[in-house]
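**Student:** Got a predicted structure here, sequence first:
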Amino acid sequence: MTAASSQIIYTLTDEAPRLATASLLPIIQAFAAPAGIDVATSDISVAGRILGQFPEALTEAQRMPDNLAELGKLTLRAEANIIKLPNISASVAQLKSAIKELQDKGYKIPDYPESTKTDEEKDIRARYNKCIGSAVNPVLREGNSDRRAPKAVKEFARKNPHSMADWSQASRSHVSHMHHGDFYHGEKSMTLNKARDVKMELITKSGKAIVLKPKVSLLEREVIDSMFMSKKELLEFYERQIQDAHKTGVMFSLHVKATMMKVSHPIVFGHCVKIFYREAFEKHAKLFEELGVNVNNGMVDLYNKIGTLPQSTQDEIRRDLHACHEHRPELAMVDSAKGITNFHSPNDVIVDASMPAMIRNGGKMYGADGRLKDVKAVMPESTFARIYQEIINFCKWHGAFDPKTMGTVPNVGLMAQQAEEYGSHDKTFEIPEDGVANITDLDTGEVLLSQNVETGDIWRMCQVKDAAIRDWVKLAVTRARNSGMPVVFWLDAYRPHEAQLITKVRMYLHEHDTTGLDIQIMSQVRAMRYTLERVVRGLDTISATGNILRDYLTDLFPIMELGTSAKMLSIVPLMAGGGMYETGAGGSAPKHVQQLVEENHLRWDSLGEFLALAVSLEDLGIKTHNAKAKVLARTLDAATGKLLDNNKGPSPKTGQLDNRGSHFYLALYWAQALAGQTEDKELAAHFKPLAETLAANEQKIVDELAAVQGQPADIGGYYLPDVRKTEAVMRPSATFNAALAAAAG
Ligand SMILES: NC(=O)C1=CN([C@@H]2O[C@H](COP(=O)(O)OP(=O)(O)OC[C@H]3O[C@@H](n4cnc5c(N)ncnc54)[C@H](OP(=O)(O)O)[C@@H]3O)[C@@H](O)[C@H]2O)C=CC1
Ligand SMILES: O=C(O)CCC(=O)C(=O)O
Ligand SMILES: [Mg+2]
């Protein structure tokens, strides 16, 4: 899979985007081929990545190359042109289901080891750990992030506003975060004066030195942080919040990002579950330990593990858990119909999407009775939680946002080279004993950063390379210049890490001509307030943020403005010169798969893919001097605009136009735009027959696509769907397929 310069790599991922690809990719390939562009695929699905870890367990035919590693290498080359669709960031429960599905399909991969006593078990666990959480994005995102709503999309949203629930000033919904003892409070940071190799070491009270991370190689001018969250304070915080919610009668919900902060946040999540069900966990402590119950993986882990016990014991445990509810607040639900609470799995309530959904709903979440209710949204870490309280305050004061008139908030996010939390996974530890946690220079023995920690505290080190920060500043200035919008760097001078960033931002802004640009630096809360004051006046403001706020804001604002973050243009200009084009800013929409399987309707909107493909083609055109590629890009944009104007996006309702139907219209409009342009006669001639055939058969094709809906669809699997069956389901119009095949020659 080496990338020739006229190659675009299209990733095969999971769930809804994978299904959409089965329909869209053949269209893309048919349109790209006449311009001499090869659109190749790379499977980075969770199933593919699992198989890539265990070549020795598989037959020759079953083996899968380590595509992710290959793609990671490609991002470091200037010719990289990758279209990356969202993929599952798997929880342990999802990983286990994927393993089971693969085993059932005859792949002899090992079980996920619950405990790791032997070296073999440790090795298997280590390999599987590479497949969980946000395992793909940190490897591929070798550039900073540029996410925005293209003009046509914003205009469409203004003309076709999505529904927004009302906000009442009497709403009791709020955000609760720690005020001390969290990562914000316990952070230290420094910029390195020279390249150094360091270790992370715990010196225990009894004087033992425990090396937690033997070596981290750091570059000159790199920023490093050491921070910890106090277990004691976290538990006290949870108890207070749970009691407060119970006393005041608001629902309780916990919002973490256990995918991206895949080591720290499952622990933060697990503590909350154990505090909530304190008496039950205390009573059954011994049994749970024997069973290896680990609620860092959610209550689903507990229910699965007790499933092997005699019925009477299971009943007793369930009764004890239920008894806790008597004096605990109502829990927000993920799926009230199925009785799935906020505690079921740490990956079910992912803060970037869950908080905007709550805010769109007038500050409400679903309770067990299926009704929307005010809620206490608990986000222990105060660093970023405060932005949500600020937006809630704003909504209570001003009412809900109006998509017809509100401004837009694009984002320029720092994430390159495993910036900030992305690089922290192998440097995050649960402290085994009270002591001092040091980051120490391996050569000189100098202790660079030092913290007093206690048993159970979560200690982590983050790093950001100077080159990544410099590139981020450059991207922000470029975006300000190209868009004419002001830029606000959301940086808090009181946070040690961000104080270091502020110094660098100021320094690197001098490298650019900023005459006439409006560039400011503000703490997060002020930045939110300032941006919202502009938003309600219809004014646009670029947010330049660190990695976490990149994630949060690129769901938050699009969901307010456009109804979904799927309609975002999401570009990663790779630092080595290539480009990665992500599709939307959201995830893999598991609910959509369920609807397809039950009713053969896929409501996934591929607008993100259309937008990404256009910029990918344009970039390829420029870099390889391929004029045809540029024509493809321009006509694709025109087709996308027409698709929006004519409302040919997918409907959520079964029986109406779905993802496949929207792909058909894209192909029709794209072929028409190509046939109608005069810049490239060859392309015009090539696409004329297709344009005519599709137009002549429009109703027939739409009918063929509609005819399959309303009954179950068999795609032969979830994590590893059967390719043939999926194709059959996703390409049900014989007329459309024949027209495309004829165009492909
Ligand atoms: N870049 C990446 O690879 C990312 C991956 N993820 C992963 O995705 C999975 C699911 O995450 P989750 O938090 O549930 O968020 P999702 O974004 O997948 O889903 C939330 C809701 O957003 C709407 N939505 C998202 N994308 C689209 C689309 N293209 N078309 C139409 N509607 C869309 C759907 O609303 P409705 O149901 O109303 O139709 C959906 O239910 C997790 O494994 C997560 O880790 C998450 C974010 C980014
Ligand atoms: O990497 C992940 O798990 C999710 C990333 C994400 O949500 C985003 O980039 O917006
Ligand atoms: Mg996100």
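**Tutor:** Cool, the structure landed. Ligands and ions are numbered 1, 2, ... in the order given.
**Student:** Those residues of the stretch 1-150 of the chain touching ligand 2, which are they?
**Tutor:** Counting by C-beta under 6 Å from any ligand atom, the residues of the stretch 1-150 of the chain close to ligand 2 are Ser89, Ser134, Asn137. All C-beta atoms are positioned from the backbone trio N, CA, C, and that covers glycine.
**Student:** For the second one, which residues are in contact?
**Tutor:** Read it as Ser134. Ser89, Thr259, Met260, Lys262, Tyr422 (C-beta atoms under 8 Å, 6 or more residues apart in numbering).
**Student:** mind running it again at 7 Å?
**Tutor:** Residues near Ser134 by C-beta atoms under 7 Å, 6 or more residues apart in numbering: Ser89, Thr259, Met260, Lys262.
**Student:** In a strand, the last one, correct?
**Tutor:** No: the assignment for Lys262 is coil, going by DSSP: H, G, I helix; E, B strand; the rest coil, so no strand is present there.
**Student:** For it, give me its contacts.
**Tutor:** Lys262 is in contact with Ile132, Gly133, Ser134, His425, counting by C-beta under 7 Å, 6+ apart.
**Student:** mind checking how far it is from ligand 1?
**Tutor:** Noted for Lys262: a distance of 10 Å to ligand 1, by C-beta to the nearest ligand atom, to the nearest Å.
**Student:** Same check on Thr41?
**Tutor:** For Thr41 relative to ligand 1 (C-beta to the nearest ligand atom), the value is 16 Å.
**Student:** Could you list every helix and strand in contact with the helix or strand containing that residue?
**Tutor:** In the assignment (DSSP states H and E), Thr41 maps to strand 38-43. The contact analysis (3 or more C-beta pairs under 7 Å, 6 or more residues apart in numbering; DSSP states H and E) places strand 38-43 against strand 7-12, helix 15-32, helix 67-74.
**Student:** Could you check the last one against ligand 1 for contacts?
**Tutor:** Which is helix 67-74. No: Helix 67-74 lies out of reach of ligand 1 by C-beta under 6 Å from any ligand atom, never closer than 12.3 Å.
**Student:** okay, that helix in CSV with CA atoms only?
**Tutor:** Coordinates of each C-alpha in helix 67-74 appear next as CSV, following Å, rounded to 0.1, in the frame of the first residue of the first chain:
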residue,chain,number,x,y,z
ASN,A,67,-2.4,-1.2,8.2
LEU,A,68,-2.5,1.3,11.0
ALA,A,69,1.3,1.2,11.4
GLU,A,70,1.7,1.5,7.6
LEU,A,71,-0.7,4.4,7.4
GLY,A,72,1.1,6.0,10.3
LYS,A,73,4.3,5.8,8.3
LEU,A,74,2.6,7.3,5.3
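**Student:** Hey, what's the angle from it to strand 38-43? Just curious.
**Tutor:** Taking axes from the mean of the first three to the mean of the last three C-alpha atoms, to 10 degrees, one finds helix 67-74 and strand 38-43 inclined to each other by 130 degrees.
**Student:** Repeat that for the first one.
**Tutor:** Relative orientation of strand 7-12 versus strand 38-43 (the same axes, to 10 degrees): 30 degrees.
**Student:** tell me the angle of strand 7-12 relative to helix 15-32?
**Tutor:** Going by the same axes, to 10 degrees, strand 7-12 is angled at 160 degrees with respect to helix 15-32.
**Student:** Then the last one?
**Tutor:** Helix 67-74 runs at 50 degrees relative to helix 15-32, counting by the same axes, to 10 degrees.
**Student:** which sections of this protein are below the confidence cut-off?
**Tutor:** Applying pLDDT under 70 to the chain picks out residues 1-4.
**Student:** Just want the residue of it that's nearest ligand 1.
**Tutor:** Proximity to ligand 1, evaluated over the chain using C-beta to the nearest ligand atom, is greatest for Gly587 at 2.3 Å.
**Student:** which residues of the stretch 301-450 of the chain fall in helices?
**Tutor:** In the stretch 301-450 of the chain, the helices defined using DSSP state H, counting those that start in this stretch lie at 311-325, 351-360, 382-398.
**Student:** which residues sit against the first one?
**Tutor:** Taking C-beta under 7 Å, 6+ apart as the criterion, the residues outside helix 311-325 that touch it are Phe276, Tyr277, Glu279, Ala280, Lys283, His284, Ile306.
**Student:** in it, what's buried?
**Tutor:** Under the neighbour-count criterion of 16 or more other C-beta atoms under 10 Å, helix 311-325 has Glu316, Ile317, Asp320, Leu321 buried.
**Student:** got JSON lines for those residues, with distance to ligand 1 too?
**Tutor:** Formatted as JSON lines, the buried residues of helix 311-325 follow (distance: C-beta to the nearest ligand atom, whole Å):
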{"residue": "Glu316", "distance to ligand 1": "34"}
{"residue": "Ile317", "distance to ligand 1": "29"}
{"residue": "Asp320", "distance to ligand 1": "31"}
{"residue": "Leu321", "distance to ligand 1": "25"}
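**Student:** got the residues of the stretch 551-700 of the chain near ligand 2?
**Tutor:** With the criterion set to C-beta under 6 Å from any ligand atom, the stretch 551-700 of the chain comes near ligand 2 through Asp551, Thr554, Ala585.
**Student:** give me that answer again for 5 Å
**Tutor:** For the stretch 551-700 of the chain, the residues in contact with ligand 2 (C-beta under 5 Å from any ligand atom) are Asp551, Ala585.
**Student:** Apart from its chain neighbours, what residue comes closest to Ile469?
**Tutor:** Lys504 (4.9 Å; C-beta to C-beta, 6 or more residues apart in numbering).
**Student:** and the one you found, what element?
**Tutor:** Here Lys504 sits within helix 496-509, counting by DSSP H and E.
**Student:** what's the burial count for the closest residue in space to Met164 that isn't next to it in sequence?
**Tutor:** Excluding its sequence neighbours, the residue lying closest to Met164 (C-beta to C-beta, 6+ apart) is Ala400, at 4.4 Å. Counted with other C-beta atoms under 10 Å, residues neighbouring Ala400 total 19.
**Student:** Isn't Ala400 up against Ser171?
**Tutor:** No: taking contacts as C-beta atoms under 7 Å, Ala400 lies outside contact range of Ser171: 10.9 Å.
**Student:** Pull up the overlap in contacts between the two.
**Tutor:** In contact with both Ala400 and Ser171: Gly362, using C-beta under 7 Å, 6+ apart.
**Student:** Identify, from the contacts of helix 311-325, the entry nearest to Asp637.
**Tutor:** In terms of C-beta to C-beta, no member of these lies closer to Asp637 than Phe276, at 49.9 Å.
**Student:** ok, that closest one to Gly484 distance?
**Tutor:** Distance of Phe276 to Gly484, given as C-beta to C-beta, to the nearest Å: 49 Å.
**Student:** can you put the helices and strands packed on strand 38-43 in TSV and add mean neighbour count?
**Tutor:** Output for the helices and strands packed on strand 38-43, formatted as TSV (neighbours: other C-beta atoms under 10 Å):
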stretch	mean neighbour count
strand 7-12	23
helix 15-32	24
helix 67-74	18
